[in-house]
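# Give me a model of this one.
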Amino acid sequence: MRTKAITAIVAAALLLSACTSSPERKSGDAAPAGATTASPATSAATASPTATSAAPSTPAATKTSATTTLVLGPQGYGALRLGMTREQAVATGLLTPFEDAGCPQAFIKGRPAGQGRVFLSPERGISAIWGWPTLSTAEGLRAGMSVTDARGLYPNWTVGDGTFAEGRHYAKVPGNEKAVFRIGTSDNKVDSVTLQLANQNCYE
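As a prediction, this is how the structure comes out:
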């Protein structure tokens, strides 16, 4: 009887052990029903930045002086250009009314009295613009300077008549092959500077 009792106890213990053991899982086996499986950690989706169309950069405005220094040449004086028709010249607003006698003549507004004369050729348009002492060329030529200094600015200076000290002379205009500077001299000084068409036909 004692042996049967021991055998029964051992059998019961083996049965209980079999019921409580967890089944061995192999990689890839499905989890038992009702088991919760931990999902692998995933990085949060990064939203792609919204493309914003940047407005094209605007270059900084070029600062200009309140007073613009005007020069005589190479094409003209300010908006007034050699070769312009009468209508175009008047439209610049720079001229007094034209006086019709031979080649029509006008004056640049605001110039010293009797200076700043402009000639209009009926065939060639604006043909000559006469300067005044406070108006210089782009190279620095102006009435009142010495002939020596003036000749240094234009090596191509040629004598029209007279001498360098007293007479009428011409120099090519840098930047405009169709024009010349007509330079009057007296007492070894420049007394007049005119920008004119090389083929102007309004005066000698």
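
# which residues of the chain fall in strands?
76-77, 80-81, 105-107, 117-121, 125-130, 158-162, 167-173, 176-186, 189-197 (DSSP state E).

# Could you list the buried residues of stretch 95-114?
By 16 or more other Cβ atoms under 10 Å, the buried positions in stretch 95-114 come out as 95, 98, 103, 104, 105, 106, 107, 108, 111. Placement of C-beta: from N, CA and C, glycine included.

# For the fifth one, which residues count as its bridge partners?
For residue 105, the residues forming beta bridges with it (DSSP bridges) are residue 99, residue 119.

# thinking it is in contact with residue 119, fair?
Yes - contact criterion Cβ atoms under 8 Å: residue 105 and residue 119 qualify, at 5.8 Å.

# rewinding a little: now, the most widely separated pair of the buried residues of stretch 95-114?
103 and 111 (18.5 Å; Cβ to Cβ).

# Next, work out how far apart the closest residue to residue 90 other than its chain neighbours and residue 191 are.
Using Cβ to Cβ, 6 or more residues apart in numbering and skipping residues adjacent in sequence, the residue nearest residue 90 is residue 98, 7.6 Å away. Taking Cβ to Cβ, to the nearest Å as the measure, residue 98 falls 26 Å from residue 191.

# Residue 203 now?
Following Cβ to Cβ, the distance that separates residue 203 from residue 191 is 16 Å.

# same thing with residue 158?
For residue 158, the distance to residue 191 - Cβ to Cβ - is 18 Å.

# what ranges do the helices span in the protein?
2-20, 86-91, 147-153 (DSSP state H).

# Which one of those has the poorest average confidence?
In terms of average pLDDT, helix 2-20 trails the rest of these, at a mean of 44.

# quick one: which of the strands of the chain is nearest residue 90?
Once those are compared by Cβ to Cβ, strand 105-107 is nearest, at 8.4 Å.

# Which strands or helices does the closest one pack on?
Under the contact criterion of 3 or more Cβ pairs under 8 Å, 6 or more residues apart in numbering; DSSP states H and E, strand 105-107 touches strand 117-121.

# Identify all contacting residues around the strand it packs on.
80, 86, 89, 95, 98, 103-108, 126-130, 196-197, 200-203 (Cβ atoms under 8 Å, 6 or more residues apart in numbering).

# Check stretch 89-100 too.
77-80, 84, 86, 104-109, 118, 120, 125-126.
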